[in-house]
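Chemist: Got a predicted structure here, sequence first:
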Amino acid sequence: CSTRPSPTRRCCAAPSLPPTAAALAEDVAVRGLGETGAARAEAAALAARGRMQAEAGAAAEALADYGAALRRDPFEPEANLATGRLLARAGRRAAAAVCFRRALAVRPEPQAALELSAILRDLGQLEAAAAVLETAGPSSAAALALVRRDQGQLDAALALLATVPSVESQVLAELQLAAGQIEAGLAGFGLDRPVPPEPRWDGGALEGRRLVVEAGADPLETVMLARYLPLAAARGGLITLVAPAELADALVGLAGLEAVRPPGPPSEAEAGACYACLSDLPRLLGGAAGVLLPPLLPYLPPPSPLPRVGSLVRVGLVWGGLPRRTACPLEPFLRLAAEPGVSLTDLTGTVAPGGAVGGSLLVEGGAGTFRERLAGVDLVIGGERLESHLAAAMGLPVWLIPPAVPNWRWSWQSEDSFWYGSVRLFPRRPGEGWRAPVGRIAAALQAVAAGFPGLGAGRVPGLWAGGPAAAGGVWGVCRGGWGGGGGGVRGVWGG
């Protein structure tokens with residue numbers, strides 16, 4: 001693209017600079033040194049014509065006009081905004097950020113600032129995104145709250161949202177859940193989603209009537225909230241869950257769940273049914289008393305453990321996932337193979353039995369279905385994936401590294417979970433990657449492996465505590481250290 005003569009040479013494809021007030025002022029100053037007034041006027045006319053071409057659906061002609069405008073004046077605001085949006089849609093976020101910065105330097109606009117901040121958030125430039133929004137005025141408070149959330153400043157994020165009269169209830173609810181405000185978060189969770197069909201269930205007695213519960217698009221959310229389905233069935237109803245077909249096998253054995261069907265027209269069996277959203281169940285079941293907090297008991301049946309051969313602690317690894325840039329990698333977990341008394345098995349079904357996982361022979365490929373693979377492990381370790389949630393829903397011990405930014409599914413920087421009693425969290429501290437929490441997992445694993453030499457058949461005591469019949473099974477271990485049902489390893493569960 002066209003550049004200004006030295007010493008003010010800049011290219012719109014140059015690397016993005018942090019958009020601080022000083023950088024923006026520099027851009028304004030540079031603008032006054034180059035093009036003549038006639039060139040700027042010609043560029044503005046070309047950009048205006050490009051806008052009209054775009055509105056008429058002539059995309060190629062619009063791009064040609066925007067390009068010609070930027071050749072006349074690389075800082076023409078309208079052409080930069082249009083080009084930046086196209087670059088962002090094409091995934092060229094760094095180049096898009098430069099175009100937005102140049103447009104803002106000449107013509108500050110709140111909407112352009114919001115778009116630039118979103119691009120910078122995607123690039124991980126959180127301080128730069130906050131600097132843009134802090135100069136954009138009150139209309140940017142909700143976007144700035146999301147940046148503060150990504151920075152781990154949940155109190156600041158909630159304070160900002162309190163100043164926004166029309167904030168989306170889901171955004172506020174997810175922040176409240178991440179901050180540990182469970183009741184407040186559940187009270188607003190899912191309120192802005194489409195309402196289910198009529199007639200809608202009010203939480204009362206069903207008296208044999210069928211209740212069709214519609215799940216959201218997120219399978220992790222569906223597994224987490226499925227714990228409320230047995231409680232709804234206890235009101236005397238037949239429960240059908242509307243969810244992606246792949247969740248039908250995952251939820252086999254859930255008490256009170258009669259059928260899982262994919263989204264689409266209702267079946268004949270649903271004639272006379274009433275409807276509810278899965279995200280509404282905490283409010284509907286709580287009734288006048290408020291929301292019903294998440295029950296901690298396991299709600300999916302665990303597999304019967306395979307007989308033990310030798311004394312190794314059998315660790316099942318959960319890794320990978322989407323999106324790729326935030327997915328849990330395998331490589332940091334390979335150091336666990338060096339721990340004495342530990343064996344590693346892949347739970348994700350990535351490779352066939354006997355194959356190498358991620359090019360490593362240190363991790364065995366698991367055989368059979370996920371449930372069958374799970375029967376051969378004592379402990380699940382890894383990142384957040386559907387497999388982690390299913391294991392936790394069965395009450396199996398799970399050591400999990402949560403996402404690096406606050407997430408509604410896990411209390412920020414906490415070591416336990418208000419959703420699952422058998423989960424121990426190993427959060428990443430500010431500036432940490434994956435290796436540091438894996439190091440803490442390795443230290444905890446050493447305590448487990450060293451504490452139980454020469455084990456016979458069955459699972460490792462202290463990790464596996466007898467199931468629901470034994471005073472709630474594992475959470476006596478994970479919540480209280482030595483309480484209910486199996487007697488855990490002091491320090492392993494942080495109790």
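Modeler: It's in. Numbers count the residues shown, from 1 in each chain.
Chemist: so where do the strands sit in the protein?
Modeler: Assigned strands in the chain, in chain order: 210-214, 238-242, 257-261, 274-277, 313-318, 342-346, 356-357, 360-364, 379-382, 398-400, 423-425 (criterion: DSSP state E).
Chemist: could I get these as JSON lines with distance to residue 89 and mean pLDDT?
Modeler: C-betas here are computed from N, CA, C, even on glycine. Formatted as JSON lines, those follow (distance: least, CB to CB, whole Å; pLDDT from 0 to 100):
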{"stretch": "strand 210-214", "distance to residue 89": "31", "mean pLDDT": "97"}
{"stretch": "strand 238-242", "distance to residue 89": "32", "mean pLDDT": "95"}
{"stretch": "strand 257-261", "distance to residue 89": "35", "mean pLDDT": "94"}
{"stretch": "strand 274-277", "distance to residue 89": "32", "mean pLDDT": "96"}
{"stretch": "strand 313-318", "distance to residue 89": "33", "mean pLDDT": "91"}
{"stretch": "strand 342-346", "distance to residue 89": "36", "mean pLDDT": "88"}
{"stretch": "strand 356-357", "distance to residue 89": "36", "mean pLDDT": "52"}
{"stretch": "strand 360-364", "distance to residue 89": "37", "mean pLDDT": "64"}
{"stretch": "strand 379-382", "distance to residue 89": "33", "mean pLDDT": "95"}
{"stretch": "strand 398-400", "distance to residue 89": "34", "mean pLDDT": "96"}
{"stretch": "strand 423-425", "distance to residue 89": "36", "mean pLDDT": "95"}
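Chemist: got the ones you listed as TSV, with distance to residue 200 and mean neighbour count columns?
Modeler: TSV is the format used below for those (distance: least, CB to CB, whole Å; neighbours: other CB atoms under 10 Å):
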stretch	distance to residue 200	mean neighbour count
strand 210-214	10	23
strand 238-242	14	21
strand 257-261	19	18
strand 274-277	6	21
strand 313-318	37	26
strand 342-346	43	21
strand 356-357	47	18
strand 360-364	48	17
strand 379-382	38	26
strand 398-400	35	26
strand 423-425	33	23
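Chemist: how about JSON lines for the ones you listed, with distance to residue 79 added?
Modeler: Formatted as JSON lines, the strands of the chain follow (distance: least, CB to CB, whole Å):
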{"stretch": "strand 210-214", "distance to residue 79": "45"}
{"stretch": "strand 238-242", "distance to residue 79": "47"}
{"stretch": "strand 257-261", "distance to residue 79": "50"}
{"stretch": "strand 274-277", "distance to residue 79": "45"}
{"stretch": "strand 313-318", "distance to residue 79": "47"}
{"stretch": "strand 342-346", "distance to residue 79": "51"}
{"stretch": "strand 356-357", "distance to residue 79": "49"}
{"stretch": "strand 360-364", "distance to residue 79": "50"}
{"stretch": "strand 379-382", "distance to residue 79": "47"}
{"stretch": "strand 398-400", "distance to residue 79": "47"}
{"stretch": "strand 423-425", "distance to residue 79": "48"}
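Chemist: tally of neighbours for residue 437?
Modeler: 22 (other CB atoms under 10 Å).
Chemist: isn't it right next to residue 428, touching?
Modeler: Yes. Counting by CB atoms under 8 Å, residue 437 does reach residue 428; the two are 5.4 Å apart.
Chemist: Quick check: neighbours shared by the two?
Modeler: By the contact definition CB atoms under 8 Å, 6 or more residues apart in numbering, residue 437 and residue 428 are jointly contacted by residue 401.
Chemist: so where's the stretch 1-150 of the chain shaky on pLDDT?
Modeler: 1-35 (pLDDT under 70).
Chemist: For it, which segments are assigned as helices?
Modeler: Ranges of helices within the stretch 1-150 of the chain are 21-31, 37-55, 59-72, 77-89, 93-106, 110-122, 126-134, 141-150, based on DSSP state H, counting those that start in this stretch.
Chemist: possible to save those as CSV with mean neighbour count and distance to residue 346?
Modeler: Listed next are the helices of the stretch 1-150 of the chain as CSV, based on neighbours: other CB atoms under 10 Å; distance: least, CB to CB, whole Å:
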stretch, mean neighbour count, distance to residue 346
helix 21-31, 15, 47
helix 37-55, 16, 49
helix 59-72, 18, 46
helix 77-89, 22, 36
helix 93-106, 24, 33
helix 110-122, 21, 30
helix 126-134, 22, 34
helix 141-150, 22, 31
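Chemist: Number of residues surrounding the residue nearest to residue 392 when sequence neighbours are not counted?
Modeler: Take residue 392 and drop its neighbours on the chain: the residue closest to it by CB to CB, 6 or more residues apart in numbering is residue 420, 3.9 Å away. Other residues within reach of residue 420, judged by other CB under 10 Å, total 29.
Chemist: for residue 420, phi and psi?
Modeler: phi -130, psi 130 (degrees, to the nearest 10).
Chemist: From what I see, it and residue 398 are in contact.
Modeler: Yes. Proximity of residue 420 to residue 398 meets the contact threshold set by CB under 8 Å, at 7.1 Å.
Chemist: and the end-to-end length of stretch 276-291?
Modeler: Separation of the first and last residues of stretch 276-291 by CA to CA, to the nearest Å is 15 Å.
Chemist: Give me the buried positions along that stretch.
Modeler: Within stretch 276-291, the residues that count as buried by 16 or more other CB atoms under 10 Å are 276, 277, 278, 279, 280, 281, 282, 283, 284, 285, 286, 291.
Chemist: want to try TSV for those, with distance to residue 348 as columns?
Modeler: TSV is the format used below for those (distance: CB to CB, whole Å):
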residue	distance to residue 348
276	33
277	30
278	25
279	27
280	32
281	29
282	30
283	34
284	35
285	33
286	36
291	34
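Chemist: Looking at the residues you listed, spot the one nearest residue 389.
Modeler: Nearest to residue 389 out of the buried residues of stretch 276-291 is residue 278 (CB to CB; 14.4 Å).
Chemist: per-residue pLDDT, that closest one?
Modeler: pLDDT for residue 278: 96.
Chemist: The one 5 residues further on too?
Modeler: Residue 283 carries a pLDDT score of 95 in this model.
Chemist: just residue 167 next, same as before
Modeler: According to the model, residue 167 carries a pLDDT of 77.
Chemist: residues touching it, list them.
Modeler: 142, 161.
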